[in-house]
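J.: pasting the sequence and the predicted model now:
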Amino acid sequence: MMRRSVVDNIAYPLQLIGVRRKEARARAAVWAERINLGDALGRQATLLSGGERQKLALARALIREPDVLFLDEPCASLDGRATREIEEILQQAAAEGTRLIMSTHNMGQAQRLADEVILVLQGRIHEFTPAKTFFAGPKTPQGHAFLRGDIVE
C-alpha cells in the first residue's frame, strides 16, 4: 500500500494515464463503495486490515477496467469473511468482462470461481480443461493426486 489515503490509492492508476485528480478521486470513491470501503476514503491505506488492503488492491487494479487480471493467491492469509468479500469482487469483475487468471491451492475457491483449470507442474501444462470436468475427474494421475491433497512433483 502506498502511504496515501484509500481514495488516493485507488485513484492513482487513473492519474498515471492522465485522468485529472478530481475525476480520478470521484471514480475512486465509487470503487471504494463497491468494495465496502466507502466509509474509509480518508483513512491511510497502511492502517487497513489485511482483507481491507486486499480489497483496495483489487479496486486499484480494476478501476482501469482491464481485459485480463492476473492474481496470485488473492485470499491467502484472509479469514472467511474477507475471502467471501474478495470472491464477490472477483465474480463481479468477471461478470463485467475482465478475464481472471488466478493461481491458487485453495480447491474450494477454485471450484467456486474457476471456469477452466490449468494444472501446471514443473513449468509444463499437464491438464487444461473446464473446471467442472477437472473437479469431477481429472484426466491425469497428477490431477487426481493434486485433488487428493498429495504433494505432486
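T.: Looks like it came in fine.
J.: these two touch, right, S5 and L47?
T.: No. Using CB atoms under 8 Å, S5 makes no contact with L47, being 10.1 Å away. All C-beta spots, glycine's among them, are computed from the backbone N, C-alpha and C.
J.: tell me how far K132 lies from E23.
T.: In this structure, K132 and E23 are 42 Å apart, going by CB to CB, to the nearest Å.
J.: neighbour count winner among S5 and L47?
T.: Shown here are S5 and L47; by other CB atoms under 10 Å, S5 has more neighbours (18 against 11).
J.: how near is the nearest residue to A61 once chain neighbours are set aside to G38?
T.: Leaving aside its sequence neighbours, A61 sits nearest to L69 (CB to CB, 6 or more residues apart in numbering; 5.9 Å). L69 sits 22 Å away from G38, taking CB to CB as the criterion.
J.: neighbour count winner among those two?
T.: Higher neighbour count among L69 and G38: L69, with 17 against 14, using other CB under 10 Å.
J.: distance of that one relative to A26?
T.: Taken as CB to CB, the span from L69 to A26 is 23 Å.
J.: also A94?
T.: From A94 across to A26, the span is 25 Å (CB to CB).
J.: got the CA coordinates for the helix ranked longest in the chain in PDB?
T.: Ranked by residue count, the top helix of the chain under DSSP state H comes out as helix 80-95. Only the C-alpha atoms of helix 80-95 are listed here, as PDB (Å, rounded to 0.1, in the frame of the first residue of the first chain):
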ATOM      1  CA  GLY A  80     -13.600 -16.500   5.800                       C
ATOM      2  CA  ARG A  81     -15.500 -13.200   5.700                       C
ATOM      3  CA  ALA A  82     -12.700 -11.400   3.900                       C
ATOM      4  CA  THR A  83     -12.300 -14.300   1.500                       C
ATOM      5  CA  ARG A  84     -16.000 -14.200   0.700                       C
ATOM      6  CA  GLU A  85     -15.800 -10.400   0.000                       C
ATOM      7  CA  ILE A  86     -12.800 -10.800  -2.300                       C
ATOM      8  CA  GLU A  87     -14.500 -13.600  -4.200                       C
ATOM      9  CA  GLU A  88     -17.600 -11.400  -4.700                       C
ATOM     10  CA  ILE A  89     -15.500  -8.600  -6.100                       C
ATOM     11  CA  LEU A  90     -13.800 -11.100  -8.400                       C
ATOM     12  CA  GLN A  91     -17.100 -12.600  -9.600                       C
ATOM     13  CA  GLN A  92     -18.400  -9.200 -10.300                       C
ATOM     14  CA  ALA A  93     -15.300  -8.300 -12.300                       C
ATOM     15  CA  ALA A  94     -15.600 -11.500 -14.300                       C
ATOM     16  CA  ALA A  95     -19.300 -10.800 -14.900                       C
END
